[in-house]
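Asker: Provided below for reference: sequence and predicted model.
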Amino acid sequence: MDLVHRFKGYLQETLGISVDDKVLLAVSGGRDSMLMAHLFLTAGYPCVIAHCNFHLREVDADLDEQLVKEFAEQHKVPFFVRHFQTNDYAEQYGLSTQMAARELRYAWFEELRVRLGAQWIAIAQHQDDHIETVLLNLTRGTGLQGLQGILAKRETIIRPLLFLSSAEITDCVQQLQIPFRDDLSNFSTKYARNKVRLEIIPKFREISPEFDDIMCENIVHFQEAYDLLQSFIVPIRKALFIPVGSLVRISKSKLEPHLHRLPLLFELFKPYGFSKNVLADMRKHWNGEPGKIFCSAQYELLLDREDIWLKVQKGKQDSPLIEIHVDTVVFSFVDRQFEASIEEDTSLRRAENVLQVDFEKLQFPLILRLWEEGDYFYPLGMEGKRKKVSDYFIQKKIGRYEKNTIPILINGNGDVLWIVNYRADNRYKIMKSTKKVFTLVCK
């Protein structure tokens, strides 16, 4: 069957992508993403190309960017590139280089997708990546969820090459004479994934020539088993775990009938990262003195008299800090959605969830983070009066748990601009002399 025909069939039948959907193509310059770009353009989909330069491979990274840019220009496709100081970001947040690059690229892809009005972000992972992920997850103890491998479609992310093996991609690229560049780091066994790809999988193929087909069948079975399990777990969790502001309340009397089934308890609390040992310890203290706290990597669980309370630990949020650039439009932070704009209209919009400040006084990038001890600001309407943010929280009767979830917008010079949804800083208010207004809406 013709490759383009197979590709269209996979997009429409498996992924449910309409021929009119706009797709953001994540193109690195490697053979996989270059073939993906070729197939999308040949199939006639409206596309844009996005490329990340992580500045990790010196001149090679610039040559990758040049190749992708020339490909986009040749095919008259809009091209976007973002340069990242990946090592600095990794050091700042204590991440591996690979994890830092992953966080940076996916955040930018989503921001760009929204700004350009694209429906999907296409990532060029293939069948071999799928199998490698399952084997890696076996070594990490991720359980049944990790054995699903790479999902073909998750929210706005699609992986339209999962129906192709690496060998098939190589053959197609050669036959079609598609330009590409190899990333030499892919051939180093320094990284765990490369060890699996270059050393372990070839041994499995020696044992069973049908290894790849068998693994793909197994992965389908794992996905079906996981979906079946979730069809039982999700309704129970929804009935028991009740959101209360930034917290989650669980009635002890309603959870108690499930206490004796530790595997069920583990599945209920799995989204919050609690281990079986921690949950077993919670059961031991079930009828003990209230106030006992149990922790996972990101959450803490408070065992009270009548209820259990779940909250994010301070400083453990998934997105503890985000940079807002001049061209940033839509982004998310700690379960909140934001939309930024720069306007010449200086009329005021009086709403707690809207910030309007003098654009000329800002220093980009702005920073959105959570409250920190020592933060202070000059509350809007109180000329010259400095106030600690912690004192403001006390005045507003904001509790210990809740204050640790409130975003704080910081100017590039370190000044607090806005306690989100509460109070702006007086120093940056709109004046008669204001020409441009920076507006940030928390939705």
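Answerer: Structure received. This one's a predicted model, so the numbers in the text were calculated from it and none came from an experiment.

Asker: shaky segments in the stretch 201-350 of the chain?
Answerer: Applying pLDDT under 70 to the stretch 201-350 of the chain picks out residues 313-320.

Asker: now the stretch 1-150 of the chain
Answerer: Low-confidence segments of the stretch 1-150 of the chain, defined by pLDDT under 70: 1.

Asker: again, only this time at 50
Answerer: Counting by pLDDT under 50, the stretch 1-150 of the chain contains no low-confidence residues.

Asker: where along it do the helices fall?
Answerer: In the stretch 1-150 of the chain, the helices defined using DSSP state H, counting those that start in this stretch lie at 3-9, 31-43, 59-74, 86-93, 97-116, 127-140, 143-146.

Asker: export those helices to TSV and tack on distance to I410 and mean neighbour count?
Answerer: The C-beta positions use only the backbone N, C-alpha and C, and glycine is treated the same way. Below are the helices of the stretch 1-150 of the chain laid out as TSV (distance: least, CB to CB, whole Å; neighbours: other CB atoms under 10 Å):
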stretch	distance to I410	mean neighbour count
helix 3-9	46	15
helix 31-43	36	22
helix 59-74	30	16
helix 86-93	15	15
helix 97-116	18	18
helix 127-140	36	18
helix 143-146	36	14
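
Asker: make CSV out of these and add distance to I324.
Answerer: Output for these, formatted as CSV (distance: least, CB to CB, whole Å):
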stretch, distance to I324
helix 3-9, 37
helix 31-43, 28
helix 59-74, 24
helix 86-93, 15
helix 97-116, 10
helix 127-140, 33
helix 143-146, 33
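
Asker: what residues are up against the closest residue to F40 other than its chain neighbours?
Answerer: Spatial nearest neighbour of F40, chain neighbours left out: C47 (5.1 Å); criterion: CB to CB, 6 or more residues apart in numbering. C47 makes contacts with 22-25, 37, 40-41, 77, as judged by CB atoms under 8 Å, 6 or more residues apart in numbering.

Asker: which one of the helices of the stretch 1-150 of the chain lies closest to R336?
Answerer: helix 97-116 (14.7 Å; CB to CB).

Asker: one step back: for the contacts of C47, which one is nearest N404?
Answerer: Nearest member of the contacts of C47 to N404, counting by CB to CB, is L24, at 34.4 Å.

Asker: of the helices of the stretch 1-150 of the chain, which is nearest I201?
Answerer: Smallest distance to I201 across the helices of the stretch 1-150 of the chain (CB to CB): 7.0 Å, for helix 127-140.

Asker: check which helices and strands the closest one sits against.
Answerer: Secondary-structure packing of helix 127-140 (3 or more CB pairs under 8 Å, 6 or more residues apart in numbering; DSSP states H and E): helix 143-146, helix 192-195, helix 201-207, helix 211-240.

Asker: now do that helix: distance to the chain's middle.
Answerer: Distance of helix 127-140 from the chain centroid (CA atoms, centre = their mean, to the nearest Å) equals 20 Å.

Asker: any idea how far A280 is from P263?
Answerer: Per CB to CB, to the nearest Å, A280 is found 11 Å from P263.

Asker: the two: which has the busier surroundings?
Answerer: For A280 versus P263, the count of surrounding residues by other CB atoms under 10 Å is larger for A280: 12 against 8.

Asker: now whatever helix or strand that one lives in: buried residues?
Answerer: Using DSSP states H and E, A280 sits in helix 276-284. Buried residues in helix 276-284, counting neighbours by 16 or more other CB atoms under 10 Å, are found at 279, 282.

Asker: list the contacts of it.
Answerer: 259, 262, 265-266, 269, 292, 294-296, 301, 303.

Asker: same thing but at 6 Å, please
Answerer: 259, 265-266, 294 (CB atoms under 6 Å, 6 or more residues apart in numbering).

Asker: still on that earlier bit, any idea what the residue nearest to F40 is bridged to?
Answerer: Applying DSSP bridges to C47 yields these beta-bridge partners: V23.

Asker: name the SS class of E339, please.
Answerer: Secondary structure for E339, judged by DSSP: H, G, I helix; E, B strand; the rest coil, is strand.

Asker: who's in contact with it?
Answerer: Counted by CB under 6 Å, 6+ apart, E339 has contacts 330, 441.

Asker: is it in a bridge, and if so with what?
Answerer: Taking DSSP bridges as the rule, E339 bridges to V330, V441.

Asker: got JSON lines for the helices and strands packed on helix 127-140, with distance to G273 too?
Answerer: As requested, the helices and strands packed on helix 127-140 are exported to JSON lines (distance: least, CB to CB, whole Å):
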{"stretch": "helix 143-146", "distance to G273": "12"}
{"stretch": "helix 192-195", "distance to G273": "21"}
{"stretch": "helix 201-207", "distance to G273": "30"}
{"stretch": "helix 211-240", "distance to G273": "14"}
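
Asker: ok, which of these comes nearest L176?
Answerer: Of all these, helix 211-240 sits nearest to L176, with 22.9 Å by CB to CB.

Asker: next, the angle from the closest one to helix 127-140.
Answerer: Put simply, helix 211-240 runs at 60 degrees to helix 127-140, going by axes from the mean of the first three to the mean of the last three CA atoms, to 10 degrees.

Asker: what residues sit buried inside the helix or strand following helix 211-240?
Answerer: Following helix 211-240 in sequence order, the next helix or strand is strand 241-244 (DSSP H and E). For strand 241-244, the neighbour count (16+ other CB under 10 Å) marks F241 as buried.

Asker: care to break this structure down by domain?
Answerer: Domain ranges of the chain: 3-211, 245-312, 321-442, per automatic domain parsing.

Asker: off-centre distance for the helix holding A280?
Answerer: 30 Å.

Asker: can I get that helix in PDB? Just the C-alpha atoms.
Answerer: The C-alpha trace of helix 276-284 is given here as PDB (Å, rounded to 0.1, in the frame of the first residue of the first chain):
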ATOM      1  CA  LYS A 276       1.900   1.200  49.000                       C
ATOM      2  CA  ASN A 277       4.100   1.400  52.100                       C
ATOM      3  CA  VAL A 278       2.900   5.000  52.900                       C
ATOM      4  CA  LEU A 279      -0.700   4.000  52.400                       C
ATOM      5  CA  ALA A 280      -0.200   0.900  54.600                       C
ATOM      6  CA  ASP A 281       1.300   3.200  57.300                       C
ATOM      7  CA  MET A 282      -1.800   5.500  57.000                       C
ATOM      8  CA  ARG A 283      -4.000   2.400  57.600                       C
ATOM      9  CA  LYS A 284      -2.100   1.700  60.900                       C
END
